[in-house]
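*Asks:* I need the structure of the sequence given here:
(one chain, ligands or ions: 1)
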Amino acid sequence: MPFRRRISAVLAAVMLILVGSTPTTRAAVQPISIAEFSFSPATLTITVGDSVTWTNSDPLAHTVTSATNIWNSGPLNQSGTFQHTFTQPGIFSYFCSIHPTMHGTILVGTQTYLPLVQTR
Ligand SMILES: [Cu+2]
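*Replies:* Numbers count the residues shown, from 1 in each chain. Reported below is the predicted structural model:
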């Protein structure tokens, strides 16, 4: 029955809003290592408000450069670190500007749809 279906859709939308507004987790700092010419993990899923800290373990410099010019670490020498906080949801690609074959992706989700992103 169409009317009941519409009510269900509205209820589902309200429930999503309630779930999304419940502060069940705090902002976290997530580590990514740069080692042997790769970012590890290469794809990282985080929540809006989380920060990512990259640490270069290689004996030569790398950068963490946003593909859309949102951030750029500049050269990080061995043991150098760079941190960025993600305040908007989205898919953020980055690379090393010294070795452009090095790529990484940060998936920034809200609590509402983060489980969908992680579903295999
Ligand atoms: Cu590099």
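
*Asks:* how about stretch 97-104: buried residues?
*Replies:* Going by neighbour count (16 or more other C-beta atoms under 10 Å), the buried part of stretch 97-104 is 102, 104. Every residue, glycine included, has its C-beta placed from N, CA and C.

*Asks:* So which residues of this protein form strands?
*Replies:* 29-35, 38-40, 43-47, 51-56, 65-66, 81-85, 90-95, 103-109 (DSSP state E).

*Asks:* For those strands, please prepare JSON lines with the additional fields mean pLDDT and distance to residue 73.
*Replies:* Shown next, in JSON lines, are these (pLDDT from 0 to 100; distance: least, C-beta to C-beta, whole Å):
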{"stretch": "strand 29-35", "mean pLDDT": "98", "distance to residue 73": "10"}
{"stretch": "strand 38-40", "mean pLDDT": "98", "distance to residue 73": "12"}
{"stretch": "strand 43-47", "mean pLDDT": "96", "distance to residue 73": "16"}
{"stretch": "strand 51-56", "mean pLDDT": "98", "distance to residue 73": "7"}
{"stretch": "strand 65-66", "mean pLDDT": "98", "distance to residue 73": "7"}
{"stretch": "strand 81-85", "mean pLDDT": "98", "distance to residue 73": "4"}
{"stretch": "strand 90-95", "mean pLDDT": "97", "distance to residue 73": "9"}
{"stretch": "strand 103-109", "mean pLDDT": "96", "distance to residue 73": "12"}
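
*Asks:* How about the contacts made by residue 92?
*Replies:* 66, 67, 68, 70, 86, 105, 106, 107, 108 (C-beta atoms under 8 Å, 6 or more residues apart in numbering).

*Asks:* what's the closest of the strands of the chain to the ion?
*Replies:* Across the strands of the chain, the ion has its closest neighbour in strand 29-35 (7.3 Å, C-beta to the ion).
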